[in-house]
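Asks: Coordinates for the following, if possible.
(2 chains)
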Amino acid sequence: MVTIALLGALNGAKKKGQLKTETWPTLTLDAPKRPEWGDLASTVAMSLASSEHKAPHDIAQIIVENLPQREELFERVEIVRPGFLNLTVKPTLWQEVLRAIESQGAAYGKADFGRGRRVLVEYVSANPTGPLHVGHGRGAAVGQAIVRLLEAVGHEVAGEYYINDAGRQMKLLGASVYARFQELSGMKVEFPEDGYHGAYITAVAERIKQQLSDTAGEMAPADLETQCRVLAYQEMLRLIRDDLSSLGIDFQSWFSEAALLESRAVEQVLDELKSRGLLFEQEGALWFRSSAFGDEKDRVVKKHDGEYTYLASDIAYHRDKLQRGYDLLVDVWGADHHGYIPRMQAVMQAYGHPKERLHVVLVQLVKLLRGGVEVKMSKRTGSFITMREVIDEVGADAAKFYFLMRDSRTHLDFDLELAKQRSTDNPVYYVQYAHARISSLWRVAAERGVACPQSTEADLAVLTDPDELGLIRKLSAYPEILQTSASTFEPHRMTYYLQQLAALLHMFYNKHRILPPAVEQEQGDGGAIEELTPKKTAARLVLMRSVQQVIRNGLTVLGISAPEQM
RNA sequence: GCGCCCGUAGCUCAGUCGGAUAGAGCAUCAGCCUUCUAAGCUGAGGGUCGCUGGUUCGAUUCCAGCCGGGCGCACCA
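Replies: As a prediction, the model looks like this:
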């Protein structure tokens, strides 16, 4: 509404010939850092200075003169030093925020600029060779949050897990389990080099031994090994699904690499590229000319031994995604794969798309701490902390919140002790508690026979206290946070915002009364207690409901529960 | 060596499509106190935004070069 007024002022001034710039810069209004600078500030005057050949201050003056509805909308309009335009809006406008939250409910903050665009978010995609570890957990939380963020701004989104169920890793899995299987049968065997050493491998071997107890004796070793591979794979995939679902994450689709190979999609795709001169043979191998699209060098797709490289099936896989009609592909990868981005973006370009058609979100490692002390993990000995262990210890909500607290590109310190603490030192608890605390207000209100009015039934004009207006202002910022979060694929902005909102709520709650004291309670003669009229109670209840709604909306986007009580 | 990411308070990190005195939490210090839901509340100190140049009316933000950390540079996935 204020932006419209500003735009009106600019256009009005242009009509009168006071301004001549062709197209206005995008008008951004942000909340200034200091309260005395008003509610909203604009820097348009300064950014127009060069194209108008006028002093910023004069331009600001012109804008102010042309502001429509100046009296109705603004309490105060100020021009400060270089050319800041500081606007203090009428408190009545803030009431609109509460009405909007109430009427839009769960939709408050959402947008539809993604309308009509289909997006596929591929995430986790861990090899089905063992349980998920903590790093996968972070990728899972980030992926899910991005799916929901993109949905919230109107995209049609699907989450997909790409299963690497073909190739070397599977063979190693099978061989490792088979070796353990043989050991269980009393044979001395050499364990495969680069095999999987984890205890879970032996556990799988044991189960397989039981399952096959009748028929194992009659099977050829090769068949047995195949059996081991297939059964182990199935078990691992089930394990992964279970782990993910205990994190509250489910995928719309699971895409099998083996199925892709079986459909001969890889051959087709390579033929296609070949016919367009994008493949060439050299030193007995087949190469993709990715350097033609900005990659630093060309890449092998088919090795001299006739095997396809991982890249070959990845090209086919991404080609498949494009053919399924997605307008945007988002891949969530471990940060150690960053070098892979140029060649996959080359694939996009090879198919005539801009490289931005594929957006890769990188997720850095998680460093686990317990009470400030690092929990050492060693891949070599197979003693790593699984995602399951973390969820069992701290709970899915806390795990997700922590995974989403930082920019995914940076290393994350995750303190298990802190994450399970039920104190305000624990950010998850702090935010959820804000929500639960408001729920408890409804319970107490009911006990005391206080009705919780709709915004139309309450006189919101009594919300004039700086703490009240501060909360409302924060609530009004939510849509922009959500939308920025979505368009930059950065869920951590949401967790940060929620912590700030929760902090304001707790401060407010500690300082101000919302409900009148219970009748039987002594009124205490300390005169410093602020006067609480039924009108004020009603308005504050409306405010509290809005805060609760926004916290719930934010947590929901992040896939975290908003408990009624804790 | 080349490429990508990171470098902001003692610690963990936000912020930055260039904007006004750089923010939060933890820790530290100083008070207060047991409250509608309670595991506390209020306040204070703390910074050459890695360094050096450049562009600009204005740079923590953009550019270049350096320093430090991580990762990647396979006919592995």
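Asks: How about stretch A:135-143 and RNA strand B, touching?
Replies: No: Stretch A:135-143 is not in contact with RNA strand B by Cβ under 7 Å from any atom of the strand; minimum separation 12.0 Å. Yep, even glycine has a C-beta here, placed from its N, CA and C like the rest.
Asks: Need the contact partners of that stretch.
Replies: With Cβ atoms under 8 Å, 6 or more residues apart in numbering as the test, stretch A:135-143 has contacts from A:121-124, A:126, A:132, A:159, A:244, A:247, A:249, A:332-334, A:361, A:363, A:365-366, A:387, A:390-391, A:399-400, A:403-404, A:408, A:412, A:491, A:558-559.
Asks: Which positions in the helix ranked longest in chain A come out as buried?
Replies: Longest helix in chain A by number of residues (criterion: DSSP state H): helix A:221-246. The neighbour-count check on helix A:221-246 (16 or more other Cβ atoms under 10 Å) flags A:224-225, A:227-229, A:231-233, A:235-237, A:239-241, A:243-244 as buried.
Asks: of all those, which comes closest to A:Leu504?
Replies: A:Leu244 (34.2 Å; Cβ to Cβ).
Asks: Give the burial count for the closest residue in space to that closest one that isn't next to it in sequence, as a bare number.
Replies: In space, and not counting its chain neighbours, A:Leu244 is closest to A:Ala140: 6.1 Å by Cβ to Cβ, 6 or more residues apart in numbering. As a burial measure, A:Ala140 scores 29 neighbours (other Cβ atoms under 10 Å).
Asks: In terms of helices and strands, where is A:Ala140?
Replies: Per DSSP states H and E: A:Ala140 is located in helix A:134-152.
Asks: Now do that helix against helix A:221-246: the angle between them, please.
Replies: Orientation check (axes from the mean of the first three to the mean of the last three Cα atoms, to 10 degrees): helix A:134-152 against helix A:221-246 gives 50 degrees.
Asks: as a whole number, average confidence for helix A:134-152?
Replies: For helix A:134-152, mean pLDDT is 95.
Asks: May I have that helix exported as CSV, CA atoms only?
Replies: Provided in CSV are the C-alpha atoms of helix A:134-152 (Å, rounded to 0.1, in the frame of the first residue of the first chain):
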residue,chain,number,x,y,z
VAL,A,134,24.1,-36.8,9.8
GLY,A,135,25.1,-35.0,6.6
HIS,A,136,22.3,-36.7,4.7
GLY,A,137,20.0,-35.5,7.4
ARG,A,138,20.9,-31.9,6.7
GLY,A,139,20.4,-32.4,3.0
ALA,A,140,17.0,-34.0,3.7
ALA,A,141,15.9,-31.1,5.9
VAL,A,142,17.2,-28.5,3.4
GLY,A,143,15.6,-30.3,0.5
GLN,A,144,12.2,-30.6,2.1
ALA,A,145,12.3,-27.0,3.2
ILE,A,146,13.0,-25.9,-0.3
VAL,A,147,10.2,-28.0,-1.7
ARG,A,148,7.8,-26.3,0.7
LEU,A,149,9.2,-22.8,0.2
LEU,A,150,8.8,-23.1,-3.5
GLU,A,151,5.3,-24.4,-3.1
ALA,A,152,4.5,-21.5,-0.8
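Asks: Tell me how far it lies from the chain's centre.
Replies: From the chain centre to the centre of helix A:134-152 is a distance of 5 Å (Cα atoms, centre = their mean, to the nearest Å).
Asks: in it, what counts as buried?
Replies: Applying a neighbour-count criterion of 16+ other Cβ under 10 Å, one finds A:134-152 buried in helix A:134-152.
Asks: which element is the closest residue to A:Ala55 other than its chain neighbours on?
Replies: In space, and not counting its chain neighbours, A:Ala55 is closest to A:Ala49: 6.9 Å by Cβ to Cβ, 6+ apart. In this structure, A:Ala49 sits in helix A:44-52 according to DSSP H and E.
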